[in-house]
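Participant: One predicted model, sequence on top.
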Amino acid sequence: MIVDAGVIRLEGDLDLPAQAQGVVLFAHGSGSGRHSPRNRYVAQVLQQAGFATLLIDLLTVAEEAVDRQTAHLRFDIALLTKRLLGATDWLHVQTPNLRIGYFGASTGSAAALRAAAERPDLVNAIVSRGGRPDLAGPALARIQIPTLLIVGAEDATVIEMNRVAMTSLPAETKLEIIPGATHLFEEPGTLEEVARLSCHWFDRYLSPKS
């Protein structure tokens with residue numbers, strides 16, 4: 001489907017189960033898109049748990065082609081944040097009665113954190129998988145919603161980045177380190193753990209009972 005994200009139209013996949021408990025918007029990064037098998041797996045688990053999901057490409061087809069050669073747009077956090085904000089506003093119109101959460105991966109996590117700081121009235125929880133919250137900059141200090149940071153135990157550099165970022169987050173923040181996992185969570189059972197932790201976090205903060 002087409003997602004009207006402000007002045008640009010993006011490709012997206014919205015899955016809306018009956019009586020959804022909330023809706024999770026996925027923010028991809030580092031050359032990934034809505035077809036990422038890792039994020040699609042997490043989305044499927046969330047859907048089975050009763051959550052709606054929206055997976056979108058934050059870059060257009062032409063931009064992705066350029067980024068494959070230069071790898072610079074995936075680090076343009078301001079651009080990714082602008083696209084995510086547009087998608088958030090669109091999603092709120094489509095699902096006005098559902099609380100919105102963000103699931104950010106890699107540089108998409110920085111965009112999710114910045115966007116959450118800009119939409120405190122719409123976004124209720126964040127999960128970051130192997131994220132780069134350090135790239136969110138001063139926006140970290142303005143985030144007022146619960147944030148779960150998930151990092152692989154073998155991803156030492158990113159663990160340190162997340163620990164430093166935690167010192168700037170004023171709201172409830174938790175760091176989960178998955179044993180045996182590297183940056184992409186390709187090891188057996190590690191992505192399943194990411195999905196389990198994400199379901200628990202969103203159930204806690206997006207469900208009507210929360």
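Facilitator: Right, received. Where do you want to start? Numbering: from 1, shown residues only.

Participant: pretty sure residue 21 contacts residue 208?
Facilitator: Yes: counting by Cβ atoms under 8 Å, residue 21 touches residue 208, with 6.8 Å between them. In short, each C-beta sits where N, CA and C put it, glycine included.

Participant: Next secondary structure after the helix or strand of the chain with the lowest mean pLDDT?
Facilitator: Using mean pLDDT, DSSP states H and E, the weakest-scoring helix or strand in the chain turns out to be helix 61-70, at a mean of 67. For helix 61-70, the following helix or strand on the C-terminal side (DSSP states H and E) is helix 77-94.

Participant: buried set for that next one?
Facilitator: Neighbour-count burial for helix 77-94, counted by 16 or more other Cβ atoms under 10 Å, picks out 77, 80-88, 90-92.

Participant: Output the contacting helices and strands for that helix.
Facilitator: Helix 77-94 sits against strand 2-5, strand 8-15, strand 23-27, strand 52-56, strand 100-105, helix 107-118, with contacts defined as 3 or more Cβ pairs under 8 Å, 6 or more residues apart in numbering; DSSP states H and E.

Participant: Mind putting those into TSV with mean pLDDT?
Facilitator: Formatted as TSV, those follow (pLDDT from 0 to 100):
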stretch	mean pLDDT
strand 2-5	77
strand 8-15	85
strand 23-27	96
strand 52-56	94
strand 100-105	96
helix 107-118	94
